[in-house]
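Visitor: Just to be clear, the model below is a prediction. Sequence and coordinates:
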Amino acid sequence: MSYTHLQKPSYRSRVTAYFLWAFFLVGLCGLHRLYLGKRSTGWLWLLTFGLFGFGTLYDFLVLHNLVREANVADLPVRPRPRNVVLFAPSITHNHPVEIRTRVKCGYCGTVSPDGVQKCPNCGVCLAA
């Protein structure tokens, strides 16, 4: 499957985000949140002077994580395989080195014994 038709994700810079964060000094709080795609909280910050300064101070401490989350959110979503068969040794009473087949859910990652039809965690069908 080719992914050449997907757009290149936009990259958001930490320097730009911190520069826009610094506009709180002149009363424009929330520009950095608008830049990072958080429109509702960006407008809330603009109308309440950054939640009365507390939100702006909090954003200074976590702005690097907000930038990373915004960049990860723009990555194209690729389909994951539904089933991956793993071979994991399991010790039983009769045969201490018996190898049993395990199935890993491609949706949530839960490992289930072979023969289970649906994932016990998320309910996705595990049949091949």
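Guide: Okay, I see it. Numbering: from 1, shown residues only.
Visitor: Around G37, count how many other residues there are.
Guide: Per other CB atoms under 10 Å, the neighbour tally for G37 reads 14. The C-beta positions use only the backbone N, C-alpha and C, and glycine is treated the same way.
Visitor: what about the closest residue to it other than its chain neighbours, which helix or strand?
Guide: Leaving out its chain neighbours, the residue that sits closest to G37 by CB to CB, 6 or more residues apart in numbering is A70, at 5.5 Å. When secondary structure is defined using DSSP states H and E, the element that contains A70 is helix 54-73.
Visitor: Grab the CA positions of that helix and hand them over as CSV.
Guide: What follows is helix 54-73 as a C-alpha-only set of coordinates in CSV (Å, rounded to 0.1, in the frame of the first residue of the first chain):
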residue,chain,number,x,y,z
PHE,A,54,-2.3,30.7,36.0
GLY,A,55,-2.9,29.0,32.7
THR,A,56,-0.1,31.0,31.1
LEU,A,57,2.4,30.0,33.8
TYR,A,58,1.3,26.4,33.4
ASP,A,59,1.7,26.6,29.6
PHE,A,60,5.3,27.8,30.1
LEU,A,61,6.1,24.6,32.0
VAL,A,62,4.4,22.2,29.5
LEU,A,63,4.8,24.0,26.2
HIS,A,64,7.4,21.6,24.9
ASN,A,65,4.9,18.7,25.4
LEU,A,66,2.1,20.7,23.7
VAL,A,67,4.3,21.2,20.7
ARG,A,68,5.2,17.6,20.5
GLU,A,69,1.5,16.5,20.8
ALA,A,70,0.6,18.9,18.0
ASN,A,71,3.3,17.5,15.8
VAL,A,72,2.3,13.9,16.5
ALA,A,73,-1.4,14.7,15.9
